[in-house]
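Chemist: Structure for the following, please:
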Amino acid sequence: MKANTHFAFFDEGSKKEIRRAIMKAVAIPGYQVPFASREMPIARGWGTGGLQITLSIIGKNDVLKVIDQGADESVNAVSIKKMVHETTGVELTDRTEEADIIQSRHRIPEVALTKDQIIVLQVPTPEPLRGVEASEYVTKRMHSEDDYSGVWLMLFEQIMKYGKTATTADHPVYVNHRYVMAPSPIPRFDNSKMHQSDALILLGAGREKKIYAVPPYTDVKSLAFEDYPFTVEAFEDKQCHLCGSADVFLDELIDHHTGETIHQCNDTSYCMEQLNKVEKAEVESSYA
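Modeler: Residues are numbered from 1 along each chain as shown. Next up, the predicted model:
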């Protein structure tokens, strides 16, 4: 930890204020709690909301994992890990199973999370009604009145235009049978991981000054019409060209040597772990 800095960057008063907002968010699943978003040494829009949550809840004995769109070594992930480590001295890991706190942009890990873990999601736009209503005052009233007709109309218009809902990410969800919530720009593939999750899910939007949460074992349902059920990204008959995984979220790539389309696990640490298992099994079989 750097000298002449508070543990985890913030002073204790700031951390307490953010933790109070987190506690309120946990008590009211899916409800957006306003908070006094602090100035950070990274630009707004690069994960300041999630970072403020992480810095407010992290302890000296915690182990931290940070991912950006499935990758542990992207610029965003590396920069956040560096800041947290330099102001706390906590241990860092790429392995999901080892982490106490996982901060993520755009993905929920493939490995199932446990009751002892917290995942912090970075959120650019926390208001699921923003696409149909610009006024913050009006969206607050709509939430209070359980009026989500605008969201349903948006999905209906997509079906009329494209024959299906066209939300590739951040598909709105209904939380605890009460609030419609933006799950952050995770792919539709990850929405189901929020439902009855063992882990606590915290979501932070620094620029919009909002914190919200999905407590463990909470019902989370993706919005869909009965005759147009919710569907996720399909990877039928596809598998990772490295580790062979076929039941995960895959990236579509071009092999520069052959020009052919190949697929690879989006979750890089999961892919490496599966690849190591495959290689180990091959070695063991060669000696059998």
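Chemist: And for the most centrally placed residue in the chain, nearest residue in space, chain neighbours not counted?
Modeler: Residue closest to the mean C-alpha point of the chain, counted by Cα atoms, centre = their mean, is residue 121 at 3.8 Å. With Cβ to Cβ, 6 or more residues apart in numbering as the criterion, residue 121 has its nearest non-adjacent residue at 4.3 Å, and that residue is residue 184. (Each C-beta comes from the backbone N, C-alpha and C, glycine too.)
Chemist: ok, now residue 34?
Modeler: Using Cβ to Cβ, 6+ apart, the closest residue to residue 34 is residue 209 (5.8 Å).
Chemist: follow-up on the earlier one: ok, the residue nearest to residue 121 to residue 104 distance?
Modeler: Residue 184 sits at a distance of 8 Å from residue 104 (criterion: Cβ to Cβ, to the nearest Å).
Chemist: Need the residues touching each of the two.
Modeler: Contact criterion Cβ atoms under 8 Å, 6 or more residues apart in numbering; residues shared by residue 184 and residue 104: 121-122.
Chemist: Between those two, which has more neighbouring residues?
Modeler: Set side by side, residue 184 and residue 104 show more neighbours around residue 184, with 27 against 23, by other Cβ atoms under 10 Å.
Chemist: so the residue nearest to residue 34 sits right up against residue 38, yeah?
Modeler: No: using Cβ atoms under 8 Å, residue 209 is not in contact with residue 38; the gap is 9.9 Å.
Chemist: How about the secondary structure of the residue nearest to the centre of the chain?
Modeler: strand (DSSP: H, G, I helix; E, B strand; the rest coil).
Chemist: Identify the bridge partners of it.
Modeler: Note on residue 121: beta-bridge partners by DSSP bridges are residue 104, residue 203.
Chemist: ok, it - contacts?
Modeler: Neighbour list for residue 121: 50, 103-105, 108, 183-184, 186, 201-204 [criterion: Cβ under 8 Å, 6+ apart].
Chemist: So it versus residue 105, what's the distance?
Modeler: Note on residue 121: its distance to residue 105, by Cβ to Cβ, is 8 Å.
Chemist: so what's residue 67 closest to, chain neighbours aside?
Modeler: What sits nearest to residue 67 in space, not counting adjacent residues and going by Cβ to Cβ, 6+ apart, is residue 104, at 4.9 Å.
Chemist: any idea how far residue 244 is from the one you found?
Modeler: On the measure of Cβ to Cβ, residue 104 and residue 244 end up 24 Å apart.
Chemist: next one: residue 74
Modeler: On the measure of Cβ to Cβ, residue 74 and residue 244 end up 24 Å apart.
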